[in-house]
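# Give me the fold of what follows.
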Amino acid sequence: MIILGIDPGIAITGYGIVKYEGNKFTPITYGAITTDTKSTMPERLMILHKNLEELISLYKPDVFAVEELFFNKNVKTALVVGHARGVVMLTAVKHNLGIYEYTPLQVKQAVVGYGRAEKQQIQQMVRILLNLEGIPKPDDVADALAVAICHGNSHLMGELFRVK
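Residues are numbered from 1 along each chain as shown. Below you'll find the model as predicted:
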């Protein structure tokens with residue numbers, strides 16, 4: 001299974017594409033889609049959409065995992081991230097990808113085994129699980145890879161407990 005993990009944002013959207021096979025994760029590619037603050041909101045959303053379309057066309061993921069928007073005290077920030085998240089999900093739907101959403105708590109639990117893990121712990125586990133030389137930067141990229149790992153682990157648990 002090829003999983004596209006996304007940590008949505010308007011300035012930086014982290015992405016990570018991993019192959020999950022035989023209870024093992026292999027990184028395919030990862031990085032960040034960035035937009036210029038001087039661009040208008042619609043332009044930034046279009047950049048995000050076009051870049052995601054290219055990634056999906058090139059790597060052909062089987063599923064799409066995205067981090068749920070957690071409540072933010074800054075309403076304006078939450079709305080802007082919500083716009084980006086909507087574009088991300090629309091792009092996945094357009095390509096007939098199954099969409100799976102995970103809360104930050106679920107991601108931490110699946111990657112570290114502890115729902116209140118610190119960001120550094122998550123980053124180190126991502127590095128270890130994917131056998132990377134260093135921690136992916138910026139943080140949004142490591143977060144996207146963590147979301148992909150979360151889906152792989154959640155899928156595994158679903159398969160283990162599925163009634164046959």
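# Residues contacting stretch 22-36, please?
2, 10-20, 43-44, 47-48, 51-52, 55, 59, 129-132, 136, 138, 140-141, 144-145, 148-149, 152, 156 (Cβ atoms under 8 Å, 6 or more residues apart in numbering). To be clear about C-beta, it is placed using only N, CA and C from the backbone, and glycine gets the same treatment.
# can you do 6 Å?
12-14, 16-19, 44, 47-48, 51, 129-130, 136, 138, 140-141, 145, 149 (Cβ atoms under 6 Å, 6 or more residues apart in numbering).
# could I have it exported to CSV, CA atoms only?
Extracted C-alpha coordinates of stretch 22-36, given in CSV (Å, rounded to 0.1, in the frame of the first residue of the first chain):
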residue,chain,number,x,y,z
GLY,A,22,4.8,-6.6,5.4
ASN,A,23,4.6,-4.4,8.5
LYS,A,24,7.5,-2.3,7.2
PHE,A,25,7.6,1.4,6.1
THR,A,26,9.7,2.5,3.2
PRO,A,27,9.9,6.2,2.3
ILE,A,28,9.2,7.0,-1.3
THR,A,29,9.4,10.8,-1.2
TYR,A,30,8.7,13.6,1.2
GLY,A,31,8.9,17.4,1.3
ALA,A,32,6.9,20.6,1.6
ILE,A,33,4.7,22.6,-0.7
THR,A,34,5.2,26.3,0.1
THR,A,35,3.4,29.3,-1.0
ASP,A,36,4.4,33.0,-1.1
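# how about it: buried residues?
Neighbour counts over stretch 22-36 (16 or more other Cβ atoms under 10 Å) mark 25, 27, 30-35 as buried.
# For residue 86, give me the pLDDT.
Predicted confidence (pLDDT) at residue 86: the value is 94.
# Sorry, slip of the keys, the one I care about is residue 115.
For residue 115, pLDDT reads 81.
# How about residue 79?
Reading off the model, residue 79 has pLDDT 83.
# if I've got this straight, it is in a helix?
Yes. Counting by DSSP: H, G, I helix; E, B strand; the rest coil, residue 79 is found in a helix.
# Fine, thanks again, bye for now.
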